[in-house]
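Asks: Give me a 3D structure for the following:
(2 chains)
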2 protein chains.
Amino acid sequence: MLPAESPDRTGHPLVGLGDVCAAADRIRGTCLHTQLLPVPWAPGGSTWVKAESLQPTGAFKLRGATNAVARLTEEQRACGVVTHSSGNHGGALAYAARQAGVRATVVVPHGAPQIKVDLVAAAGADLVRVDAVDRTAMCADIAERTGAVQIPPYDHVDVIAGQGTVGLEIAADLPDVQVVLVPVGGGGLISGIAVALRALVPGVRIIGCEPRLAGDAAASLSAGERREWAVADTARTVADGLRAPALGDLTWPHVRALVDDIVTVEEQAIVEAVRVLAGRSRLVAEPSGAVTTAALLSCADTVPGGRTVVVMSGGNVDAGWLASVLAGTSREAPSCGH
Amino acid sequence: MLPAESPDRTGHPLVGLGDVCAAADRIRGTCLHTQLLPVPWAPGGSTWVKAESLQPTGAFKLRGATNAVARLTEEQRACGVVTHSSGNHGGALAYAARQAGVRATVVVPHGAPQIKVDLVAAAGADLVRVDAVDRTAMCADIAERTGAVQIPPYDHVDVIAGQGTVGLEIAADLPDVQVVLVPVGGGGLISGIAVALRALVPGVRIIGCEPRLAGDAAASLSAGERREWAVADTARTVADGLRAPALGDLTWPHVRALVDDIVTVEEQAIVEAVRVLAGRSRLVAEPSGAVTTAALLSCADTVPGGRTVVVMSGGNVDAGWLASVLAGTSREAPSCGH
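Replies: Residues are numbered from 1 along each chain as shown, chains lettered A, B, ... in the order given. Got it, this is the predicted structure:
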């Protein structure tokens, strides 16, 4: 693996520790330094969960969005920001923009989870609803017409640097951490965390966790080249935040250079992890946030032991679905892929 | 109101700030200094929730139990501790004792909530199951036979001092807090919090919150003398942690001297608060923990405004019941008593 701040083999410069430290200064006041919560029920050694569900918008995405908004020039601030999102990034950008006094527009596809649409609306952003196939074009069109700056959900240096503050906080709160489990969708969170942790705790094992049904990142890392999956395939997982069909142009070099391994988990293990997090840690987790707990509970053979931090990335979950999980309609035994 | 550390009118000395500060030193390492979580959806001004559900045993009770265990003499440690509890105190004492290497016995009545019995068992305590009417006698009998020290759930100076660390943390994290809402059952939590906050933030408004169906503390405070309710009456509330029929000999003088007001909430407001805490703050709350959020949402006329901390005291709730709440079977409009 390459040290942080080195250009990777494709020539893309990696985000550096300095970028993440600067982001930490910018997001203070809007984002929470989430405390590590002991997990007395974890199998094996000492384990803590970092519950990003406790952020004001219920997910880590607020960190990257806040950093990106803070980096706007005065001229850009006057034009506002725009993104397309069916998930937590939209709510995060809306909230971050409002906190900064900047106008935000979020293009939301018809069929997006209502709880995430509600987050965008609650933060006072302009909502534009379109068919899913039109969302990229609509976003670009709004940017061109209004001058609004497009803030993508993961493939953006300021977004990656903002998500990296999760890693800074882990290093500060548990300097002798040995293993960190991180959900992988588009790769923004694990890229940022890896930049910070590889620099501050060089020997830490950074393990990505992904649904097997959206296992493009695991396939990429094991092949040594980026693999893209069909949207129809990744759409099969219950973890709606991890359906990105491939890592990004910026995140893939980070993952290749800085991440130790990516494990995949079964759908039933994800559901079981949501149930366990609610019952035994009193945390509401969305399926995407629970993949790391799923790996902890079901992948004893592939996840290394030691002082472990489980990053639980968010908790915006449909109440009816959560009710069905808690009522015990999903009870299949979890299993694990690699 | 009397200053902290003064004897009250009945001659009972109140717990002092020094006792609470000493407790804070003792519980560090076992209990969490729970961070204040912003509540962006709260009506009115700035509001934070202090989620004691995030403690390792899912409730604030761990603070008092840990302090009480830490205060044992070497001779007492060798004999262990015993309590009777159908609730969070049993799990807390079991966990605190195990952390300290002390044997614990918990007498649990038949019919106690399974999730709370599981907590006791998970912490490795000896479980003794009896009919509810026999639990006090059984507890006393065990204490007499084995020399185990009885640690009651609230009416004990070390328990009150331990719960008071919640107040210390609020004062440290939000020195200009104006209003603190605290659940009231037996009164241990609000007594301890009031000792700490009245000393450190003299002008703060300390408001107890109670189910109207178990409104003995509100009745006591407004009558100026302690009132006891029939167990059959307080048993009507869904908030199983707040069914104590009266404040204690020790907690009543604290409440009378240091608490500003006690408001009561309706059952449907409690249920709605559980739903809102899960959906909008991603926190699993038990009904007893949600009474303060219920007051925030339904008692705008009686709860003062300003910078407010809502103490959410615990999250050990039956999964099936929570599922029914999330599925939306309870939708009556909340209302408020005083």
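Asks: Please count neighbours and contacts with C-alpha atoms only from this point.
Replies: Fine.
Asks: so which strand or helix has the closest residue to chain B within chain A?
Replies: Residue nearest to chain B within chain A: residue A:323 (4.1 Å; Cα to the nearest Cα). For residue A:323, the host element (DSSP states H and E) is helix A:319-326.
Asks: Mind listing residues that contact that helix?
Replies: With contacts defined as Cα atoms under 8 Å, 6 or more residues apart in numbering or on different chains, helix A:319-326 is touched by A:271-272, A:274-275, A:330, B:279, B:319-320, B:322-327.
Asks: Specify which member of the residues you listed is nearest to residue A:223.
Replies: Top of the list for closeness to residue A:223, among the contacts of helix A:319-326 and by Cα to Cα, is residue A:271 at 28.5 Å.
Asks: Confirm for me that that closest one is in contact with residue A:288.
Replies: No: using Cα atoms under 8 Å, residue A:271 is not in contact with residue A:288, being 10.0 Å away.
Asks: Comparing these two, which shows the higher neighbour count?
Replies: When neighbours are counted by other Cα atoms under 10 Å in any protein chain shown, residue A:271 and residue A:288 differ, and residue A:288 comes out ahead with 28 against 24.
Asks: For the more buried one, which residues are in contact?
Replies: Counting by Cα under 8 Å, 6+ apart, residue A:288 touches A:183, A:238-242, A:313-314.
Asks: Helices - which of the residues you listed land there?
Replies: Mapping the contacts of residue A:288 onto helices (DSSP state H) picks out no residues; all lie outside.
Asks: Show me what from chain A comes close to chain B.
Replies: Residues of chain A lying near chain B by Cα under 8 Å from any Cα of the partner chain: A:32, A:35, A:37-40, A:53-56, A:58, A:278-279, A:281-285, A:315-317, A:319-320, A:322-327.
Asks: Residue A:223 - how many residues pack around it?
Replies: 10.
Asks: now do residue A:163
Replies: Neighbour number of residue A:163 under other Cα under 10 Å is 30.
Asks: Residue A:191 reaches residue A:160, doesn't it?
Replies: Yes: Residue A:191 is in contact with residue A:160 according to Cα under 8 Å; the separation is 6.5 Å.
Asks: Settle it for me: which of these two has more neighbours?
Replies: Between residue A:191 and residue A:160, residue A:160 has the larger neighbour count (other Cα under 10 Å), namely 35 against 32.
Asks: I'd like the contacts of residue A:288 written out as TSV, with pLDDT and neighbour count added.
Replies: Compiled in TSV, the contacts of residue A:288 are given as follows (pLDDT from 0 to 100; neighbours: other Cα atoms under 10 Å in any protein chain shown):
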residue	pLDDT	neighbour count
A:183	98	30
A:238	96	19
A:239	96	24
A:240	93	19
A:241	93	22
A:242	95	26
A:313	98	31
A:314	98	27
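Asks: Quick check: the two most widely separated of those residues?
Replies: A:238 and A:313 (14.9 Å).
Asks: Could you list the buried residues of stretch A:107-125?
Replies: For stretch A:107-125, a neighbour-count test (16 or more other Cα atoms under 10 Å in any protein chain shown) marks A:107-110, A:113, A:115-117, A:119-121, A:123-125 as buried.
Asks: Pull the number of nearby residues for residue A:233.
Replies: Residue A:233 has 14 neighbours, counted by other Cα under 10 Å.
Asks: Pop out the phi and psi values for it.
Replies: When quoted as degrees, to the nearest 10, the phi and psi of residue A:233 stand at phi -80, psi -50.
Asks: Please give the element, helix or strand, for the residue lying farthest from the centre of chain A.
Replies: Largest separation from the mean C-alpha position in chain A: residue A:145, at 30.0 Å (Cα atoms, centre = their mean). According to DSSP H and E, residue A:145 maps onto helix A:135-146.
Asks: And the next helix or strand past that helix?
Replies: Trace forward from helix A:135-146 with DSSP H and E and the next one is strand A:149-150.
Asks: Buried residues, stretch A:20-29. List them.
Replies: Buried residues in stretch A:20-29 (16+ other Cα under 10 Å): A:20-21, A:23-24, A:26-27.
Asks: typo on my end, it should be stretch A:310-328
Replies: Quick answer for stretch A:310-328 (16+ other Cα under 10 Å): A:310-319, A:322-327.
Asks: Same question for stretch A:26-45.
Replies: A:26-27, A:30-40, A:42.
Asks: Domain-wise, how is chain A divided?
Replies: Domain ranges of chain A: A:17-59+A:157-337, A:62-150, per automatic domain parsing.
Asks: what about the shortest one, how long is it end to end?
Replies: With Cα to Cα, to the nearest Å applied, domain A:62-150 spans 16 Å between its terminal residues.
Asks: counting contacts, what elements does the longest helix seen in chain A pack onto?
Replies: Longest helix in chain A, counting residues (DSSP H): helix A:267-281. Applying 3 or more Cα pairs under 8 Å, 6 or more residues apart in numbering or on different chains; DSSP states H and E, we find helix A:267-281 packed against helix A:287-298, helix A:319-326.
Asks: Tell me the buried residues in that helix?
Replies: A:267-281.
Asks: And for stretch A:251-259?
Replies: Buried residues in stretch A:251-259, defined by neighbour count with 16+ other Cα under 10 Å: A:251-259.
Asks: swap in stretch A:147-160?
Replies: For stretch A:147-160, a neighbour-count test (16+ other Cα under 10 Å) marks A:147-160 as buried.
Asks: Over to stretch A:172-191?
Replies: Neighbour-count burial for stretch A:172-191 flags A:177-191 (criterion: 16+ other Cα under 10 Å).
Asks: again, but for stretch A:131-149
Replies: Within stretch A:131-149, the residues scored as buried using 16+ other Cα under 10 Å are A:132, A:135, A:138-140, A:142-143, A:147-149.
Asks: surely residue A:215 meets residue A:247?
Replies: No: using Cα under 8 Å, residue A:215 is not in contact with residue A:247, being 10.6 Å away.
Asks: so how far is residue A:23 from the spatially closest residue to residue A:99 that is not a sequence neighbour?
Replies: Closest residue to residue A:99 apart from its sequence neighbours, by Cα to Cα, 6 or more residues apart in numbering or on different chains: residue A:30 at 7.3 Å. For residue A:30, the distance to residue A:23 (Cα to Cα) stands at 12 Å.
Asks: same question, residue A:250
Replies: From residue A:250 to residue A:23 the distance is 18 Å (Cα to Cα).
Asks: now do residue A:84
Replies: From residue A:84 to residue A:23 the distance is 23 Å (Cα to Cα).
Asks: And for residue A:323?
Replies: For residue A:323, the distance to residue A:23 - Cα to Cα - is 37 Å.
Asks: Would you map the strands across chain A?
Replies: With DSSP state E as the criterion, chain A has strands at A:36-38, A:47-51, A:81-84, A:104-109, A:126-130, A:149-150, A:179-183, A:205-211, A:261-265, A:308-312, A:336-337.
Asks: Quick one: these as a markdown table, columns for distance to residue B:100 too.
Replies: What follows is the strands of chain A, written out as a markdown table (distance: least, Cα to Cα, whole Å):
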| stretch | distance to residue B:100 |
| --- | --- |
| strand A:36-38 | 17 |
| strand A:47-51 | 20 |
| strand A:81-84 | 52 |
| strand A:104-109 | 53 |
| strand A:126-130 | 55 |
| strand A:149-150 | 55 |
| strand A:179-183 | 27 |
| strand A:205-211 | 32 |
| strand A:261-265 | 37 |
| strand A:308-312 | 23 |
| strand A:336-337 | 37 |
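Asks: which one of those strands lies closest to residue B:76?
Replies: Counting by Cα to Cα, residue B:76 lies closest to strand A:36-38 out of those; the figure is 28.7 Å.
Asks: ok, residues contacting the closest one?
Replies: A:46-51, A:170, A:173, A:309, B:32, B:54-56.
Asks: who wins for neighbours among those residues?
Replies: Most neighbours among those, by other Cα under 10 Å: residue B:54, with 29 neighbours.
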